[in-house]
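> Kindly return the folded structure for what I paste below:
(one chain, ligands or ions: 1)
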Amino acid sequence: MDEAPVWAKRDAAVVWHGFTQMSSFTESTPIVVEGAEGHELIDVDGKRYLDAISSLWVNTLGHRVPELDEALREQLDRGAHSTMLGNSNQIVVELAEALASRVPVDDPHFLFAGDGASAVEQALKIAFQFWVNLGVEGRTTFLAFGGAYHGDTIGALSVGDGGFGTNVFDPLRFPVLRAPQFADPECFTTAARMVAEHAHELAAVIVEPLVQAAAGMQSAPAESFRVLGDACREHDVLLICDEVATGFGRTGTLFASEQCGLTPDLMAIGKGLTAGYLPQSATVASGRVFDAFLGPDLSDKTLYHGHSYSGNALACAVALRHIELIESRDVLANVCARSEELRALLDERIAPLAAVREVRLHGLMGGVELAPPEEDLKWGRRVCAAAVRRGVLLRPIGDVVVLMPPLTITPPELTRIVDALVASIAEVCR
Ligand SMILES: *Cc1c(COP(=O)(O)O)cnc(C)c1O
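As a prediction, this is how the structure comes out:
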């Protein structure tokens, strides 16, 4: 017993964790996972934790799903990876065909990558070169929103808003036009006006449809996004929807763009694409965008961008079976039913607490914003640590406790999450 501190120490000697201060890593009692089963993670001491953040928002159907494991094993017997640069692979074609009939993009084409940030980066570069290929000058900038998060590479950071501890990189960010935060009820009419005024210099608008996850689950009403889509179409500015967090059923529809009435020219998908199994993302381009890159072989119309593991066969095999399971198991219906139950639980037991400022929930994307009476109390972090001690893995964004359970979560598990959260708030927020 008590192997965890030993492993944490071995870890800190050789591993570097993202968004983590390594000097206090071992003291903050990290869980060191040895295995997983269903919706639970099992640590090196055999202790079980409900994975209430879906392994940082990527997991959809739980861990060790027999059908997904089988899809991986079958693909292993065919070959794990072959390059997509100038060549192809059967399973990648099959996945792209399956996605093509389901994404809210016209005549879609898929450029695969590894992480969400890479998919965003690709979308930005494609949007930029699109105008160059058409011979249109001056379309070199982007419009993005307050509170936006699009990933951690330099291009993605540039369209992302400040904060998140990333201000040190400000000198590396390229300038963008910034529309207001989603909290501003006028943000989309303002953005639409900015699109009209600056169309001649805009390559694209980038937006997270429905919910800005990293901003602490900030959302805007679905119907309010339409004016933005209309403005982009009217003034011929490309629209990029970043569905890395919202895609694959998280908000109750396969993609949040559907609820928002948006048909993007470019879309970034990632996180849930492989059900949380393997790193894989994609930039989805409409036929119009794709066609602008057609020209003579080796000409400058080509997109000179590609990642080594683009279209990894194992990842594609899992992603393909995942799409089939989402439908055969009617996962979206579970998201909607569990979302209503979770809302009722949060309204009844969390929202009335004095320590809670606001409860936000869309599908199974939730945030409980705490209301610390003064700064530096670290309520978010301490409440989550208390929940982890109670066997529910949570990780906050500042003082927002994120609730992102797997899409197949059950009613008793929702109760287990809320029980742990109620007790943890009572313990920490006196
Ligand atoms: C997580 C996230 C990204 C970045 O994806 P990574 O796989 O972490 O690089 C981009 N956009 C949104 C909306 C995200 O939530």
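
> all contacts plus neighbour counts: C-alpha atoms, from now on.
Noted.

> I'd like to know how far Asn133 sits from Ile409.
47 Å (Cα to Cα, to the nearest Å).

> Compare the two (neighbour count), which wins?
For the pair Asn133 and Ile409, the greater number of neighbours falls to Ile409 (24 against 18), based on other Cα atoms under 10 Å.

> what about the helices in the stretch 201-350 of the chain?
Assigned by DSSP state H, counting those that start in this stretch, the helices in the stretch 201-350 of the chain fall at 226-234, 256-260, 287-291, 313-328, 331-349.

> Including mean pLDDT, mean neighbour count and distance to the ligand, could those helices go into a markdown table?
Listed next are the helices of the stretch 201-350 of the chain as a markdown table, based on pLDDT from 0 to 100; neighbours: other Cα atoms under 10 Å; distance: least, Cα to the nearest ligand atom, whole Å:
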| stretch | mean pLDDT | mean neighbour count | distance to the ligand |
| --- | --- | --- | --- |
| helix 226-234 | 98 | 18 | 18 |
| helix 256-260 | 98 | 20 | 11 |
| helix 287-291 | 98 | 16 | 21 |
| helix 313-328 | 98 | 22 | 14 |
| helix 331-349 | 98 | 18 | 18 |
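
> quick one: which of those is nearest Gln218?
With respect to Gln218, and counting by Cα to Cα, the nearest of the helices of the stretch 201-350 of the chain is helix 256-260 at 13.8 Å.

> Keeping just the C-alphas, turn the closest one into CSV.
Coordinates of each C-alpha in helix 256-260 appear next as CSV, following Å, rounded to 0.1, in the frame of the first residue of the first chain:
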residue,chain,number,x,y,z
ALA,A,256,-22.6,22.5,-31.3
SER,A,257,-22.6,24.4,-34.6
GLU,A,258,-25.8,22.5,-35.4
GLN,A,259,-27.6,24.2,-32.4
CYS,A,260,-26.1,27.6,-33.3
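
> Other residues contacting it?
Helix 256-260 has contacts (Cα atoms under 8 Å, 6 or more residues apart in numbering) with 104, 209-210, 222-226, 241, 243, 246-247, 253, 263-264.

> cool, and stretch 210-222?
147-149, 182-183, 185, 225, 245-246, 256-257, 259-261, 360-362, 365-367, 369, 397, 400, 402.

> thinking again about what came up before, please convert the helices of the stretch 201-350 of the chain to a markdown table, extending it with distance to His200.
Below are the helices of the stretch 201-350 of the chain laid out as a markdown table (distance: least, Cα to Cα, whole Å):
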| stretch | distance to His200 |
| --- | --- |
| helix 226-234 | 12 |
| helix 256-260 | 25 |
| helix 287-291 | 18 |
| helix 313-328 | 39 |
| helix 331-349 | 40 |
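
> who in the stretch 51-200 of the chain is up against the ligand?
Counting by Cα under 6 Å from any ligand atom, the positions of the stretch 51-200 of the chain adjacent to the ligand are Asp115, Gly116, Ala117, Tyr149, His150, Gly151.

> For the third one, the count of nearby residues, please.
For Ala117, the tally of surrounding residues (other Cα under 10 Å) stands at 26.

> likewise the second one?
Here the neighbour count serves as a burial measure; for Gly116 (other Cα under 10 Å) it reads 27.

> Then the last one?
Residue crowding around Gly151 was assessed by other Cα under 10 Å; the count is 21.

> Most neighbours of all the contacts of helix 256-260, which one?
Highest neighbour count within the contacts of helix 256-260: Thr246, with 30 neighbours (other Cα under 10 Å).

> Give me the nearest residue to that one, chain neighbours excluded.
Using Cα to Cα, 6 or more residues apart in numbering and skipping residues adjacent in sequence, the residue nearest Thr246 is Ala256, 6.0 Å away.

> For the stretch 251-400 of the chain, which segments count as strands?
266-269, 281-285, 356-362, 365-370, 392-393, 396-397, 400-403 (DSSP state E, counting those that start in this stretch).

> from the ones you listed, which stretch is densest packed?
strand 266-269 (a mean of 30; mean count of other Cα atoms under 10 Å).

> Does that one pack against any helices or strands, and if so which?
If you count contacts as 3 or more Cα pairs under 8 Å, 6 or more residues apart in numbering; DSSP states H and E, strand 266-269 packs onto helix 116-134, strand 238-242, strand 281-285.

> mind giving me the domain split of this protein?
Residue ranges for each domain of the chain read 31-61+330-428, 66-328, as given by automatic domain parsing.

> where along the stretch 1-150 of the chain do the strands fall?
Counting by DSSP E, counting those that start in this stretch, the stretch 1-150 of the chain has these strands, from start to end: 33-37, 40-43, 48-51, 109-113, 141-146.

> Could I get the pLDDT score of the residue of the chain found nearest the ligand?
Nearest residue of the chain to the ligand: Gly116, at 3.2 Å (Cα to the nearest ligand atom). Looking at Gly116, its pLDDT reads 98.

> how about it, what does it touch?
So Gly116 contacts His150, Gly151, Val244, Ala268, Ile269, Gly270, Lys271, Gln280, Ser281, Ala282 (Cα under 8 Å, 6+ apart).

> Would you quantify the distance from the fourth one to Val284?
To tie it back to what came earlier, the one meant is Ala268. Ala268 is 6 Å from Val284, by Cα to Cα.

> give me phi/psi at the spatially closest residue to Asp106 that is not a sequence neighbour?
Closest residue to Asp106 apart from its sequence neighbours, by Cα to Cα, 6+ apart: Ser286 at 5.2 Å. Backbone torsions of Ser286, given as degrees, to the nearest 10, read phi -70, psi 160.

> Can you get me a residue count around Ser286?
19.

> and it, what is it in contact with?
Contact partners of Ser286, counting by Cα under 8 Å, 6+ apart, are Val105, Asp106, Asp107, Pro108, His109, Pro264, Asp265, Leu266.

> if you set the cut-off to 6 Å instead, what comes out?
Residues in contact with Ser286 (Cα atoms under 6 Å, 6 or more residues apart in numbering) are Val105, Asp106, Asp107, Pro108, Asp265.
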